[in-house]
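Visitor: Sequence first, predicted coordinates after that:
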Amino acid sequence: MILTHNIAHNIPFISIFLAMFAGIITPLINSGRKSCLLHKSVTVLIGILSLLLLFHVEFNQERFTFLMGHFPSPWGNELKAGPMEAVLAVVFSVVMFLTVLGGQYMIEKDVAENKQNLYFVMLNLLFGSMLALIYTNDIFTGYVFIEINTICSCAIIMSKDSGSGILATIRYLIMSILGSGLILFSIALLYTLTGQLLFPQLKSGIMQLANTGEYMFPMTITAGIFTLGIAVKSALFPFHTMLPGAYDAATPSSSGILSGLVLKSYIIFLIKVYYCVFTIEYLREIKITNLIFFLGVCGMIFGSVMALKERRIRRMLAYSSVAQIGYIYMGLGLGTSIGATAAMLHIVAHAVTKSMLFVCTGRMKDISLAGEADHCLRGIGHKAPVSAVGFTIGALSIIGIPLFAGFASKLYLALASFYSPLKMAVSLIMLAISMVLNAMYFIPPVVDIWRPLNEKDANYRIEPDIRPVFITAVVLFIAVNFFVGTCYESIFDIFEVGVALMR
Amino acid sequence: MIKLLTTNHFEAAAVILFGIGFMNMLLQDNLIKKFIGLNIMDTAIYLYLVSYGYVIGRSAPIAEVGKAAQFEEFINPIPSGLVLTGIVVSVSVTAFSLALIQRLYKKYGTLSFDEVLRKLRSGEANTYDSDS
């Protein structure tokens, strides 16, 4: 292969280091544009490195451990990377890059000029901490990066500095901190039960306890508290109250990154802990999978119902995210490897779709002078065709129309349910209901957007839709969506190998 | 029951403190008090962790010059290390929250969450905004 083992094994650390280092040096750059350029360059570089890593691990079918500072366990800290981590790093880099590219002009508009470089400090740190959550092999390191993620997320929500933005940030912060508190508590319990923090040692400690039947009740409580903490952080229904206000108040890039990537990074960490620490068989035995299956299914339905009632388009997208997070938890709650793999595919599909929707909605809202209730966007497709096409394709993808990303993941979620006979009927019925609901709240805005313009609908800025950077971002987003929607089998295979290697 | 509580007094205190902090954070209307709740909650977890690393009669794991270090003399330093990291995280989150609250106070002139919501709904924003 093109890379030696030595170089490839350093890529996870280099990726995290590059993003963090960019975050540290960005305050020295006194220009928003230059900071943006640095951020985008670093993201592209990390994307390329992650792609090389993907080729390497896929070719060798390996999942390797990188010892930080070459200290062996249990003294040193570890990173672990396999095909699953590499694909996720590539997807995160691509989505991060395109979301910033598409929302760049809105960042320039929304964030005060002297603070734009600080916005990119936060984006770099956020990207670094998300990569660390993907790669880490230590539960306490995971907690530290979860907290960095929280602070950076709050900072990018409030970057607009409006009253509603600050209030939304405080709400987001309070919910996030409650989640972090629960996660820290569960880590403390886990440490006292096993005396370990690294995933492999934790796993053997838990297996030992499970075999002897000792401390079963405290272990169940620990797994429950950890799941609850991550559920609060990733806005699983009924802990979703922080989302609508935050996404409504933030600049489009922030909303896209938060919805597409940040929430997912917590779920990826959860999946890693489930497979590398507790093991899915043990979680099935203590019925935690049933709990998340139930909450996931509730999220799918109630998220969609709330989106149906919402008139403001970005709040509607936020509720739609609640529903999509429900799909992911439902897949995970099936308690099988194929369910978790389908959930991973849905993470990718939703990341590439929802970020595009937020970027395009931001653009349409910017052109509309009448507000952002969906009737105010009537006919805007004729004024801003690129963003309207992006929105339409995003909507079709979320609904689950073939050829787009959303279809692939929903197909696999349905197929995965056949492997869990007890949950099959509920999963299939809820998937069908939820897809109908998705169509019910996404089709009306799409129809409205493409309605012919008349005299009454002149509430738009006469501004041609020819920003090359924005158009490039949307075209690339559509291409990525189409790629995921057509080549889903190969992505699913990689995830399948990744999940198998985690066990 | 009482015996159980007295033998596990660190754990009992930690759970009670965690509960106080958690409820404070959920139910308090005053934003500063809400974040004091957060600190109580975090401190409860630190107490719990540290109590597990501490062994009565042993000292911190620092070897004296010229004397061979004996494993049995020392406490477990890992929980203390975790708590230190946790304290750093908690300090940064608290600093960030206080900065946010200050910003909100400048905009709305109150620390009450409900009051801010009411003002936001009635469009009274920016009344006290002095620096933007």
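Guide: Right, received. Where do you want to start?

Visitor: Tell me which residue in the stretch 51-200 of chain A sits closest to chain B.
Guide: Here the residue of the stretch 51-200 of chain A nearest chain B is A:Gly163; by Cβ to the nearest Cβ that distance is 3.8 Å. Any C-beta I mention is one placed from the backbone N, CA and C, and that applies to glycine too.

Visitor: Quick check, that residue in contact with B:Lys107.
Guide: Yes - counting by Cβ atoms under 8 Å, A:Gly163 sits close enough to B:Lys107 to count as a contact (4.8 Å).

Visitor: of the two, who's got more company?
Guide: B:Lys107 (26 against 22; other Cβ atoms under 10 Å in any protein chain shown).

Visitor: A:Ser164 versus the more buried one, what's the distance?
Guide: B:Lys107 sits 10 Å away from A:Ser164 when distances are taken as Cβ to Cβ, to the nearest Å.

Visitor: same check, this time on A:Asp138
Guide: From A:Asp138 to A:Ser164 the distance is 38 Å (Cβ to Cβ).

Visitor: Pull up the residues of chain A that are close to chain B.
Guide: Those residues of chain A that sit near chain B, judged by Cβ under 8 Å from any Cβ of the partner chain, are A:140, A:143-144, A:147, A:150-151, A:154-155, A:158, A:161-164, A:166-167, A:169-170, A:173-174, A:177-178, A:180-181, A:184-185, A:188, A:191-192, A:197.

Visitor: List the contacts of the residue lying closest to B:Ile32 once chain neighbours are set aside.
Guide: Nearest non-adjacent residue to B:Ile32, counting by Cβ to Cβ, 6 or more residues apart in numbering or on different chains: B:Leu111, 5.9 Å away. By Cβ atoms under 8 Å, 6 or more residues apart in numbering or on different chains, the contact list for B:Leu111 reads B:Asn30, B:Leu31, B:Ile32, B:Ile101, B:Tyr105.

Visitor: returning to what we had before: quick one, which of the residues of chain A next to chain B are buried?
Guide: Buried members of the residues of chain A next to chain B, scored by 16 or more other Cβ atoms under 10 Å in any protein chain shown, are A:140, A:143-144, A:147, A:150-151, A:154-155, A:158, A:162-164, A:166-167, A:169-170, A:173-174, A:177-178, A:180-181, A:184-185, A:188, A:191-192, A:197.

Visitor: re the thing from before, which one of the contacts of B:Leu111 has the most neighbours?
Guide: Going by other Cβ under 10 Å, B:Leu31 tops those with 21 neighbours.

Visitor: Quick check: that one touching B:Ile101?
Guide: Yes - between B:Leu31 and B:Ile101 there is a contact under Cβ under 8 Å: 4.8 Å.

Visitor: got any residues that touch both of those two?
Guide: Residues touching both B:Leu31 and B:Ile101 (Cβ under 8 Å, 6+ apart) are A:Ile170, B:Leu111.

Visitor: got any ranges where chain A has weak pLDDT?
Guide: Applying pLDDT under 70 to chain A flags residues A:1-3, A:369-376, A:454-466.

Visitor: would you list every one of the strands in it?
Guide: Along chain A, the segments classed as strands by DSSP state E run A:64-67, A:78-81.

Visitor: Could you dump the ones you listed into JSON lines and include mean neighbour count?
Guide: Output for those, formatted as JSON lines (neighbours: other Cβ atoms under 10 Å in any protein chain shown):
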{"stretch": "strand A:64-67", "mean neighbour count": "17"}
{"stretch": "strand A:78-81", "mean neighbour count": "24"}
